[in-house]
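S.K.: predicted structure and sequence below. I'll ask about it afterward.
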Amino acid sequence: MPAVSKGDGMRGLAVFISDIRNCKSKEAEIKRINKELANIRSKFKGDKALDGYSKKKYVCKLLFIFLLGHDIDFGHMEAVNLLSSNKYTEKQIGYLFISVLVNCNSELIRLINNAIKNDLASRNPTFMCLALHCIANVGSREMAEAFASEIPRILVAGDTMDSVKQSAALCLLRLYKTSPDLVPMGEWTSRVVHLLNDQHMGVVTAAVSLIACLCKKNPDDFKTCVSLAVSRLSRIVSSASTDLQDYTYYFVPAPWLSVKLLRLLQCYPPPEDAAVKGRLVECLETILNKAQEPPKSKKVQHSNAKNAILFEAISLIIHYDSEPNLLVRACNQLGQFLQHRETNLRYLALESMCTLASSEFSHEAVKTHIETVINALKTERDVSVRQRAADLLYAMCDRTNAKQIVSEMLSYLETADYSIREEIVLKVAILAEKYAVDYSWYVDTILNLIRIAGDYVSEEVWYRVIQIVINRDDVQGYAAKTVFEALQAPACHENMVKVGGYILGEFGNLIAGDPRSSPLVQFNLLHSKFHLCSVSTRALLLSTYIKFINLFPETKGTIQEVLRSDSQIRNADVELQQRAVEYLKLSSIASTDVLATVLEEMPPFPERESSILAKLKKKKGPGAGSELDDGKKDPNSEINGGMEPSASTASTPSPSADLLGLRATPAAASSVPSSAGNLLVDVFSDSPSSATGLVSGAEDNFLRFVCKNNGVLFENQLLQIGVKSEFRQNLGRMYLFYGNKTSIQFQSFTPTSLGPADQKHRSQLNIQTKAVEPLVEGGAQVQQVLNIECLSDFTEAPLINIKFRYGGTLQNLTLKLPVTVNKFFQATEMQSQDFFQRWKQLSLPQQEAQKIFKANHPMDSEVTKAKLLGFGSALLEKVDPNPDNYVGAGIIQTKALQVGCLLRLEPNAQAQMYRLTLRTSKESVSKHLCELLSQQF
């Protein structure tokens, strides 16, 4: 920056600021400001020959007054006049005033653009930098239209100075983020990429930031940056701290640039060129080696810089998932951080190891740290670290350590924080079933789970234990005995009563030979809990009683007396009254044979209904795309249950992705959707209409959830809405998390499920919502639960309307809930012969929907498989004669009917096209599924 000449100190400004600071009251300050404003106004109006110094001084005063919170409605033209000055300080103040006070709709924008063009053409590096900074600070679409084509030329010009190149790169990045359609990069791409070879480290740093943003939209155009990035990273990593003195931070050479380069490489798969790949592996090994070296400084800045590079290098190793040696070394390196004194490092180590546990190369290495992780779960003071420890235990679990991990998680559950209990309950239930060899252990585990944390055991968990007991003859007697003993506890959770009522009603006869569990003892034990239970549990117990009459005729008189009592046949609840009357009449008039037929044991659950678990989806890395959780199947895991279940889909609760969201990015760290900037248009509405339209960008966000169940549905400056959902058969449960991002309380907070508008649609979906607290404190988060029942197939998603008051202003927005018909898919495994036989049966023209479309994303086979699994179908291997094609099958479960579905996806890599064919037993479903799925590729 040029030296400030004598007289540029602006003594008048200093005196004014001093006067303001010396004011004893707000009134005195306003009086002094008004006096100064009157003086400045008179100077601007009266003195036509005002020199540049005076203009600069008065514009500075106006800027200071604005920063104090007062409105400024004049002085803009004087600031624009300063832009034509040849003095740096005057031009600087002019640009500063414009950056802060001039909006994009100002009438002066044309004059400002002309002044900027003059400075960009002046070849004076100082003036060019000021102009570029102003463009970036304003960042309006008008600025982008005026200069987007000029800035790349400045950036790649051979005679442009390094400081100007830095500013040009960052200015272009700003314009690209606000108006990507106006930044033409086609002809400049290769030259921008070659800035990675620039001699000036500042230019390289700015260029990496720009390229990392550009390559996310057009990865193929910038793929040549990989070799250059590896080359530059190699030079930095191999250099000594004295080689890059200007860019060495506490003995660490260029840490910010190193991190940016490692992140850029995570946008691409491993290099195909063996030499480049070898050089990159060497770089990563060097980074891991340097992390083991003794620190060169005791300052925290030194360790922070080293660890930042290390963790980013480990993220790249995990992303590639192809170098066993590096993965194991990364795991061992992270293991050293598990007992580090810094809480943040322990958290990051646990989080990274969760991802490493899903790699076949490093899973065994992660398991060696099990004792340390269990100790962290028990002793960590920070709840977020404890939660990551629970996540890691879940991720590292397999058949060899399942009992130990489940036991430790059950033990921790008794003292766990309320905020994570529900998640741990789900994890324990999943692991217990997934790795159960002895089903008596599984029954004991689930009953312990209900005893310890019954309030957090969802219906799906106790439904599942009943399904398994019914499907397995060898565990029925043990289950009846165990649940009978559990019911004898004085304080018994209602979920235990439900399980006990169901199992004893079906298999109580297996333990009736013991006098301690005779039929009458069983009945009296259950009936002692009756008056303490909710209506739904009482209804279940009444069904158990009528089952008892069939199993144990000697209890008929006692049970009929209960059914005949006024508290039952005259109950205020219609359901209980109807059951009591019907069961009493059934037991009175039906013969023994009829009764035995009507009340026979429940048959085993069919395969397609018996599984809530599936093989874990494992995340390969961010290269799979941020819009879905990429996964590969665990070769060592099997699903336990009554029968071998079908492959997992995103529409059934997958342990790693759909049910628990372990691999999902935490909501607090999630990136803001690209359309978030436009959402304020609808949110800041003072007078909401009765029929509010969808917020801008809502459709894009909605489509991202077609193949996934968890993520951020909406985010702006005030509110973040996260979603976690699970679906099974025709039922679903959705958790909406509303986060107040401000420090100010939301009042009258009312989220309302609107549901489909007309009567036809109301007969397709049944949505029950639970109310939330009307006050949401600043920085707080509230949860809303939605229970969803699919009555018949549908095409229109339900809506949710959120209204609340922020600072006295009513905010109103309407979003689509991510509920699509494919969420109710049940994956179906088929042999090749069965598939083609069924394919031919669905040959009517109205049963088929076909679409040929161009690929909107890179045609990656792993990503395609993950999306198809996430969509809900089972992927059938070795069915299609062409191995490049994808074939899937499934059944859409609704209350009214089941719709069989077969799909075939044929990619053409050369033409970058797909042909998608869907055949179902219902025309509307074929068309809708075809449209939904085609938008994902």
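M.R.: Done, it's in.
S.K.: contacts and neighbour counts: CA atoms only from here.
M.R.: Fine.
S.K.: just checking, what packs against the helix or strand hosting residue 919?
M.R.: Using DSSP states H and E, residue 919 sits within strand 913-920. With contacts taken as 3 or more C-alpha pairs under 8 Å, 6 or more residues apart in numbering; DSSP states H and E, strand 913-920 sits against strand 848-854, strand 898-908, helix 923-934.
S.K.: including distance to residue 466, could these go into JSON lines?
M.R.: Shown next, in JSON lines, are the helices and strands packed on strand 913-920 (distance: least, C-alpha to C-alpha, whole Å):
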{"stretch": "strand 848-854", "distance to residue 466": "39"}
{"stretch": "strand 898-908", "distance to residue 466": "24"}
{"stretch": "helix 923-934", "distance to residue 466": "33"}
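S.K.: relative to strand 898-908, how tilted is the strand holding residue 919?
M.R.: Going by axes from the mean of the first three to the mean of the last three C-alpha atoms, to 10 degrees, strand 913-920 is angled at 160 degrees with respect to strand 898-908.
S.K.: what lines up beside strand 913-920 in the sheet?
M.R.: Sheet pairing for strand 913-920, assigned by DSSP bridges, gives strand 848-854 (antiparallel), strand 898-908 (antiparallel).
S.K.: the helices and strands packed on strand 913-920: which one's closest to residue 787?
M.R.: When those are compared for distance to residue 787 using C-alpha to C-alpha, the nearest one is strand 898-908, at 20.2 Å.
S.K.: residue 98 is nearest to which of the helices and strands packed on strand 913-920?
M.R.: Between the helices and strands packed on strand 913-920, strand 848-854 lies closest to residue 98; by C-alpha to C-alpha that is 44.7 Å.
S.K.: what residues of the very next helix or strand once past that closest one count as buried?
M.R.: Using DSSP H and E, the helix or strand that follows strand 848-854 in sequence is helix 861-871. For helix 861-871, the neighbour count (16 or more other C-alpha atoms under 10 Å) marks 863-871 as buried.
S.K.: now, among those, which is nearest to residue 128?
M.R.: residue 863 (44.4 Å).
S.K.: how far away is residue 101 from residue 853?
M.R.: 47 Å (C-alpha to C-alpha, to the nearest Å).
S.K.: residue 171: how many residues sit nearby?
M.R.: Burial measure for residue 171: 27 neighbouring residues, criterion other C-alpha atoms under 10 Å.
S.K.: quick check: pLDDT value at it.
M.R.: pLDDT for residue 171: 92.
S.K.: which helix or which strand is home to it?
M.R.: Secondary structure (DSSP H and E) places residue 171 in helix 162-178.
S.K.: what are the bridge partners for the closest residue to residue 902 other than its chain neighbours, then?
M.R.: Sequence neighbours aside, residue 889 is the residue nearest to residue 902 in space, at 4.6 Å (criterion: C-alpha to C-alpha, 6 or more residues apart in numbering). Following DSSP bridges, residue 889 is listed with bridge partners residue 874, residue 902.
S.K.: quick one, phi psi at the closest residue to residue 506 other than its chain neighbours?
M.R.: Leaving out its chain neighbours, the residue that sits closest to residue 506 by C-alpha to C-alpha, 6+ apart is residue 601, at 5.9 Å. Main-chain dihedrals, residue 601, degrees, to the nearest 10: phi -60, psi 150.
S.K.: touching, residue 601 and residue 504? I think so.
M.R.: No. With contact defined as C-alpha atoms under 8 Å, residue 601 does not count as touching residue 504 (11.3 Å).
S.K.: between these two, which one's more packed in?
M.R.: Applying other C-alpha under 10 Å to residue 601 and residue 504 shows that residue 504 carries more neighbours, namely 28 against 14.
S.K.: quick one, phi/psi of that one?
M.R.: Dihedral angles (degrees, to the nearest 10) for residue 504: phi -70, psi -30.
S.K.: was I right about it contacting residue 482?
M.R.: No. Using C-alpha under 8 Å, residue 504 makes no contact with residue 482, being 10.4 Å away.
S.K.: tell me the helix or strand right after the helix or strand bottoming out on mean pLDDT in the chain.
M.R.: Each helix and strand of the chain was given a mean pLDDT (mean pLDDT, DSSP states H and E); the minimum falls on helix 680-683 at a mean of 28. Once the chain leaves helix 680-683, the next helix or strand it forms, by DSSP H and E, is helix 698-704.
S.K.: and that following helix, average pLDDT?
M.R.: Rounded mean pLDDT across helix 698-704 is 74.
S.K.: for stretch 723-731, same thing?
M.R.: So the average pLDDT for stretch 723-731 ends up being 86.
S.K.: check stretch 119-139 too.
M.R.: Computed over stretch 119-139, the average pLDDT equals 90.
S.K.: centre of the chain to that stretch, how far?
M.R.: 39 Å (C-alpha atoms, centre = their mean, to the nearest Å).
S.K.: over to stretch 924-937?
M.R.: Distance of stretch 924-937 from the chain centroid (C-alpha atoms, centre = their mean) equals 23 Å.
S.K.: with adjacent residues omitted, what lies nearest to residue 170?
M.R.: Per C-alpha to C-alpha, 6+ apart, closest to residue 170 is residue 206, 6.1 Å.
S.K.: just to revisit the earlier point, who has more neighbours, residue 101 and residue 853?
M.R.: residue 101 (18 against 15).
S.K.: returning to that earlier point: residues near the residue nearest to residue 170, how many?
M.R.: Residue 206 has 22 neighbouring residues, counting by other C-alpha under 10 Å.
S.K.: likewise residue 443?
M.R.: Residue 443 has 25 nearby residues by other C-alpha under 10 Å.
S.K.: go on, residue 379?
M.R.: Here the number of neighbours of residue 379 (other C-alpha under 10 Å) works out to 10.
S.K.: got phi/psi on it?
M.R.: According to degrees, to the nearest 10, residue 379 has phi -110, psi -20.
S.K.: circling back to that earlier point, would you turn the helices and strands packed on strand 913-920 into a markdown table with distance to residue 820 and mean pLDDT?
M.R.: Conversion of the helices and strands packed on strand 913-920 to a markdown table gives the following (distance: least, C-alpha to C-alpha, whole Å; pLDDT from 0 to 100):
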| stretch | distance to residue 820 | mean pLDDT |
| --- | --- | --- |
| strand 848-854 | 18 | 87 |
| strand 898-908 | 14 | 88 |
| helix 923-934 | 9 | 86 |
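S.K.: who does the residue lying closest to residue 772 once chain neighbours are set aside form a beta bridge with?
M.R.: Computed as C-alpha to C-alpha, 6+ apart, the closest residue to residue 772 that is not its neighbour in sequence is residue 784, at 6.1 Å. For residue 784, the beta-bridge partners are residue 736 (DSSP bridges).
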